[in-house]
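[1] Mind folding the following:
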Amino acid sequence: MILVLIALYIFLPIPASVAILALSFLMRGRKTYWLLLWAVLTFSLLVLVYIPSVEDDAYRYFQILGQLRSISNWQDFSMLSQNIELIGYQSSSIGFIALEMLISKTAYFNLLPYINTVICLFSLFFPFVDLKERCKISGPTALFLSLPLPLLYNFLNTASTMRWSLACSLFGLIVYEYFEKVQNRKYVWMFLIPMIFHPGIILASILAIYVACIKKISIFKILFPMLLLAIYLRLVTDSNSSLGSGNPIFQIMNMTNTYSRDFMQHSANGLLFIFLERLLTILVLIMALIVFSQLSREYRLSQFGRMLLFMSLVQFALIFTSMIFDRYILVTTFLALIYVARYISKIRLNIRYLIFSMCIVTICIGIVICYANVKRMVFISPFFQLCISNLFHFFTNIPVY
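    Got it, this is the predicted structure:
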């Protein structure tokens, strides 16, 4: 039997990774965390044979990797970032730059999207596996409720956009760990970790620190961060470049200003998929609202519930800032689904069926989004052919740069 399983893994690693993922939700014990890691390490092999096109963000990252080959320390990087705008653009993402510098010394640039995808997928699934291990939810239900997330994030985000999906997935994981387990203000600095991968997550990071520090919730404490956000967005849109492009504060403000408007050229299909992403998020938030309405006061005012409440309000406050709103969809949807999974066992059975029905709709929407995004990506072989390829095919066809 063991030999059969080994043969299956060698000759059909992608289907095997899906089976291993399912086992991580269905089995019990610490081994399930290792099964989860094994599953995402294997499934992410698809990214090793990804070939970025000129339109993909990964193409720009691969160009940066080529430039970083020639440097060996941070002083060299500082000089390079001043001379090359492409590198200077992400100079504030020191964690991601460190990863780039490490990978640039190899000939396998696809390790960058591979590692990024592994971290993202592990971060997305971990809270649900952990809730199952803590007996807060059954394994099949946890797996079912987690499915919209990998479909929403998909390979175009984890393997091409990279930095933003990495920051969002890590932020969601840290929020879960802090508000569900740690709950100690000495560790609020953890919310700043995602910023080293993308400074744009600053709004969520500051909000998480604020929620962690307040003791009791009130109307004033809810309105206060909303007022600060409104003032910040107004100041940013009226700001100039007096701080200089090398200043990290300027980079955050300039990025907010840039993403406050939609500078992308969208076709009718592009607008359709933006609508679908927003619709998926709204449905997930409605699911969370239904769960919230069915809970007792004790659970409604939990730390994680407060965080989701504030994040949802910020999400809707950003609705007129175009691309910032679209980007924070990844954060809000992640937190909302964790919240639903955490408390779904506390609500009546007929309400659970309603939640499951809505989740089926979000999964269907997610499949359309995922299919459209992955379809535009180029791989060494047709994508569906790769899904039934063997391990040797992946390792012998990794592009060399």
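[2] ok, now which ones touch the residue nearest the centre of the chain?
    Of all residues in the chain, the one closest to the mean position by Cα atoms, centre = their mean is Ser169, 3.2 Å from it. Counting by Cβ atoms under 8 Å, 6 or more residues apart in numbering, Ser169 makes contact with 119-120, 123-124, 153, 330, 334. Where C-beta positions appear, they are placed from N, C-alpha and C, glycine not excepted.
[3] what about 10 Å?
    Contacts for Ser169 (Cβ atoms under 10 Å, 6 or more residues apart in numbering) come out as 116, 119-126, 149, 153, 157-158, 194, 197, 330-331, 334.
[4] Then Thr161?
    Thr161 is in contact with 56-58, 61, 113, 116, 153, 155, 198, 327, 330, counting by Cβ under 10 Å, 6+ apart.
[5] Among these, find me the one that's closest to Asn397.
    Nearest to Asn397, judged by Cβ to Cβ, of the contacts of Thr161 is Pro113 at 15.1 Å.
[6] What is the burial count for the closest one?
    Pro113 has 26 neighbouring residues, counting by other Cβ atoms under 10 Å.
[7] tell me which element it falls in.
    Assessed by DSSP states H and E, Pro113 sits inside helix 111-133.
[8] Who are the packing partners of whichever helix or strand comes after that helix?
    Where DSSP H and E defines the elements, the next helix or strand beyond helix 111-133 is helix 139-146. Applying 3 or more Cβ pairs under 10 Å, 6 or more residues apart in numbering; DSSP states H and E, one finds that helix 139-146 contacts helix 13-26, helix 111-133, helix 323-343, helix 349-375.
[9] One more pass at 6 Å, please.
    Judged by 3 or more Cβ pairs under 6 Å, 6 or more residues apart in numbering; DSSP states H and E, the packing partners of helix 139-146 are helix 13-26, helix 111-133, helix 323-343.
[10] Just the CA trace of the one helix or strand Leu36 maps to, in CSV.
    Applying DSSP H and E as the criterion places Leu36 in helix 31-43. Provided in CSV are the C-alpha atoms of helix 31-43 (Å, rounded to 0.1, in the frame of the first residue of the first chain):
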residue,chain,number,x,y,z
LYS,A,31,1.0,15.8,12.0
THR,A,32,-1.9,17.6,10.3
TYR,A,33,0.2,20.8,10.2
TRP,A,34,3.0,18.9,8.5
LEU,A,35,0.5,17.4,6.1
LEU,A,36,-0.7,20.9,5.2
LEU,A,37,2.9,22.1,4.6
TRP,A,38,3.5,19.0,2.4
ALA,A,39,0.4,19.7,0.4
VAL,A,40,1.2,23.3,-0.4
LEU,A,41,4.8,22.6,-1.1
THR,A,42,3.7,20.0,-3.7
PHE,A,43,0.8,22.0,-5.2
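[11] List the buried residues for it?
    Neighbour counts over helix 31-43 (16 or more other Cβ atoms under 10 Å) mark 32-33, 35-43 as buried.
[12] ok, and what's touching the very next helix or strand once past that helix?
    Using DSSP H and E, the helix or strand that follows helix 31-43 in sequence is helix 57-68. With Cβ atoms under 6 Å, 6 or more residues apart in numbering as the test, helix 57-68 has contacts from 52, 87, 100-101, 104, 109, 113, 160-161.
[13] residue ranges with poor pLDDT in the stretch 301-401 of the chain?
    320-322 (pLDDT under 70).
[14] if you set the cut-off to 50 instead, what comes out?
    Judged against pLDDT under 50, the stretch 301-401 of the chain has no low-scoring part.
[15] So which residues of the stretch 101-250 of the chain form helices?
    Listed from the start of the chain, the stretch 101-250 of the chain has helices (DSSP state H, counting those that start in this stretch) covering 111-133, 139-146, 148-155, 163-177, 202-213, 219-237, 248-259.
[16] Those helices: which one's closest to Met287?
    helix 139-146 (8.9 Å).
[17] So for that closest one, what gets flagged as buried?
    Residues of helix 139-146 classed as buried: 139, 141-146 (neighbour count, 16+ other Cβ under 10 Å).
[18] hmm, who's touching it?
    Residues from elsewhere that reach helix 139-146 (Cβ under 6 Å, 6+ apart): 25-26, 125, 128, 131-132, 337, 340-341.
[19] quick check: angle from that helix to helix 349-375?
    50 degrees (axes from the mean of the first three to the mean of the last three Cα atoms, to 10 degrees).
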